[in-house]
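K.L.:
okay, structure incoming, though there's no sequence with it:
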């Protein structure tokens, strides 16, 4: 597909708002903005001119520990489009059903793309997109930090996963392996991979926890560089669990380690208002 026209970036900020089970509302600073507006021409067909299309790519971002995670629940959503002459261009549909984000600094970001059903008037000076998105939000909740040793090659201990109502400030939050907990965590040396050790880390539970990340640290609490090898899912009904294989440097002291888990907690759905104007030369101020 040959592309013509323009592409540019704008960013506007808004606070998404959702209501909790207790009826209280909470604001989450979600950024929404236009990454690009693109005019493109489709492939020429026999006895038919090329179809000219107008599409928009939107950026969304939210500060950690929050994340935008559709989990198949967001579905298709749309914004209304109109131009400066007052012509209605219809609903620009965005598929946000498979919502996934990636890390950029201390933010989680994602991109949606939608196509405008109608082209603006030749006399139009700008196009306006407006409406609201409803985005599912999650939060990464940390467990306590657990000390353990792999001197024997394998270890298991109980871990306390925070409940939905708990707010944990993880700085300085320590717990010793063997403290009372409700789930079992096992860590073992799986194999040697070149100059690295591959560790198998498993959380055994039947509650369907979604683990966002596993933080492995040395004996002093300094985070270790780990390479993801592959994920693990145990579908054994008598002992279900999730985990991963991670590779660490072969010189790591395996006799003194620490670990912390971050699980994803569903926070609800954020209503995010969007209202933006753009023209051939970029954004249009109010």
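P.N.:
All right, it came through fine. Not measured: the values here are computed from a predicted model.

K.L.:
quick one, grab the pLDDT at residue 118.
P.N.:
Residue 118 is assigned a pLDDT of 89 by the prediction.

K.L.:
what about the closest residue in space to it that isn't next to it in sequence, neighbour count?
P.N.:
Spatial nearest neighbour of residue 118, chain neighbours left out: residue 89 (4.3 Å); criterion: CB to CB, 6 or more residues apart in numbering. For every residue, glycine as well, the C-beta is placed using N, CA and C. Residue 89 has 20 neighbours, counted by other CB atoms under 10 Å.

K.L.:
can you tell me which residues contact residue 89?
P.N.:
81, 82, 83, 116, 117, 118, 119, 120, 127 (CB atoms under 8 Å, 6 or more residues apart in numbering).

K.L.:
where does it sit: helix, strand or coil?
P.N.:
Judged by DSSP: H, G, I helix; E, B strand; the rest coil, the three-state class of residue 89 is strand.

K.L.:
hang on, the earlier thing: buried only: go through the contacts of residue 89 for me.
P.N.:
81, 82, 83, 116, 120, 127 (16 or more other CB atoms under 10 Å).

K.L.:
just the closest of those to residue 154, please.
P.N.:
residue 116 (57.9 Å; CB to CB).

K.L.:
that closest one and residue 60, how far apart?
P.N.:
Distance, residue 116 to residue 60, by CB to CB, to the nearest Å: 19 Å.

K.L.:
so residue 67 bridges to which residues?
P.N.:
residue 138 (DSSP bridges).

K.L.:
what's the per-residue pLDDT of it here?
P.N.:
87.

K.L.:
residue 135 is in contact with that one, correct?
P.N.:
No. Using CB atoms under 8 Å, residue 67 is not in contact with residue 135, being 10.3 Å away.

K.L.:
neighbour-wise, which of the two wins?
P.N.:
Legend: neighbour count by other CB under 10 Å for residue 67 and residue 135, higher for residue 135 (26 against 22).

K.L.:
which ones among the contacts of residue 89 lie within strands?
P.N.:
81, 82, 83, 116, 127 (DSSP state E).

K.L.:
could the contacts of residue 89 go into JSON lines alongside distance to residue 109?
P.N.:
Shown next, in JSON lines, are these (distance: CB to CB, whole Å):
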{"residue": "81", "distance to residue 109": "23"}
{"residue": "82", "distance to residue 109": "28"}
{"residue": "83", "distance to residue 109": "29"}
{"residue": "116", "distance to residue 109": "23"}
{"residue": "117", "distance to residue 109": "27"}
{"residue": "118", "distance to residue 109": "29"}
{"residue": "119", "distance to residue 109": "29"}
{"residue": "120", "distance to residue 109": "28"}
{"residue": "127", "distance to residue 109": "24"}
